[in-house]
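> Output the structure for:
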Amino acid sequence: MKLTTLLSVALAAGLALSGCAEAKKQAECKSLIEAINPHTTKVRKLSDDMPADASLEVGAKAFTAMAAEVEAGAADVKKLEIETPELKKFAADYQTMCAGSSKAFKDMVAVTEKIGAAQKLAATNPEAAQADAAKAQTDAANAEAEIKKATAPEDTIIDGINTFCGATKEPSK
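This is a model prediction of the structure:
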């Protein structure tokens, strides 16, 4: 009889612990998602709202704002106390992606400044400006490629978090 009681207590304790672990996982999931979502939404809106023919000034402001937003997202995630190993990895991957994205956005701002300087130089010295403009255009293409490379892991990270946390993906509109 004592063995049955002991096994029942052990089973109940095991179930309680697994229930606590699940509750902790869900709380950490919620915290991580709430830390990431606002920043992701803002960066996507900044990107979507930037016209294809945006002026250098408008583009530079948008990329500066995107860099600040991904840095804020990484800082918010860093503040979280996450113990679930899988979520810890997603949080670290997100912070790494944010660091790369911020650098790429800032590099694009620097390129827009070079293009602006080449345009100003063209007014007074077209020959000198031509070489600067060609270099700036190459730098712009490279910066754009770096932005794509830096932001590429985002969908994988977000999908991984959603799958691990049991969230469902919203249908595309």
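
> Find the least confident helix or strand in this structure, judged by mean pLDDT.
Least confident helix or strand, the chain: helix 2-49 with a mean of 72, by mean pLDDT, DSSP states H and E.

> centre of the chain versus the next helix or strand after that helix, how much separation?
Remark: after helix 2-49, the chain's next helix or strand is helix 56-79, criterion DSSP states H and E. Relative to its chain's centre, helix 56-79 lies at 10 Å (CA atoms, centre = their mean, to the nearest Å).

> quick one: average confidence on helix 56-79?
Across helix 56-79, the average pLDDT comes to 96.

> Outside of that helix itself, which residues are in contact with it?
Under the contact criterion CB atoms under 8 Å, 6 or more residues apart in numbering, helix 56-79 has outside partners 32, 35-36, 38-40, 42-43, 46-47, 49-51, 54, 91, 94-95, 98-99, 101-102, 105-106, 108-109, 112-113, 115-116, 119. C-beta here means a position set from N, CA and C on the backbone, and glycine is covered the same way.

> following that helix, which helix or strand comes up?
Once the chain leaves helix 56-79, the next helix or strand it forms, by DSSP H and E, is helix 85-124.

> No further questions, thank you.
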